[in-house]
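[1] quick one, fold the following:
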Amino acid sequence: MSNEEVITSTQDTAVAEQGAHAAPAKATSAKLAGRKKAANQGTKGARKGHEGVVTKANSKKAKPVSKRVADGGVPREFSKKAIVLDLLRRKDGATMAEIAKATEWQNHSIRGFISGTVGKKMGLKVESARNAAGDRRYRVAR
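    Modelled structure (predicted):
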């Protein structure tokens, strides 16, 4: 055996040790159907530069105006927001227990509503004070 034969035989074994690449497992028919749908969705629609063709970007309808902007921030009648605001607008205000009983909310939800919705979104000044019994009363400042 010559040196050339030895070199080629070691190279052949190195290549043979790598093994062949196996094809990935075949997907189920349900997965294939989903892939076909997803692939087709990207091709639908018009190409740029064609006149009179509706594209996804300009086919969107105008979004409706939010309720808060449309009616000046006035809550619907008998909604929980309206109930809480009525309680807070009383002369003495309302305790956490009174609000929880009227709305069936938990205390952390009430505190979040008072600080977030009433205080920040609606811009109302909320006063908080403890009474002699130690209960905190909330009321909207006038």
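[2] how much space is there between the residue lying closest to Gln106 once chain neighbours are set aside and Val140?
    Computed as Cβ to Cβ, 6 or more residues apart in numbering, the closest residue to Gln106 that is not its neighbour in sequence is Ala100, at 7.1 Å. C-beta: built from backbone N, CA, C; applies to glycine. Separation of Ala100 from Val140 (Cβ to Cβ, to the nearest Å): 18 Å.
[3] and what of Ile114?
    According to Cβ to Cβ, Ile114 stands 10 Å off from Val140.
[4] same question for Gly112.
    In terms of Cβ to Cβ, Gly112 sits 17 Å off from Val140.
[5] residues near Arg136, how many?
    Counted by other Cβ atoms under 10 Å, the residues lying close to Arg136 total 13.
[6] what are the boundaries of the strands in this protein?
    Taking DSSP state E as the test, the strands found in the chain are 94-95, 126-130, 136-140.
[7] so what touches stretch 125-132?
    88, 93, 114-115, 118-119, 136-141 (Cβ atoms under 8 Å, 6 or more residues apart in numbering).
[8] who's more crowded, Gly112 and Val140?
    The residue with more neighbours, out of Gly112 and Val140, is Val140; 18 against 12, by other Cβ under 10 Å.
[9] skipping its backbone neighbours, what lies nearest the more buried one in space?
    Leu88 (4.7 Å).
[10] with Gly119 instead?
    Using Cβ to Cβ, 6+ apart, the nearest residue to Gly119 is Val126, at 5.4 Å.
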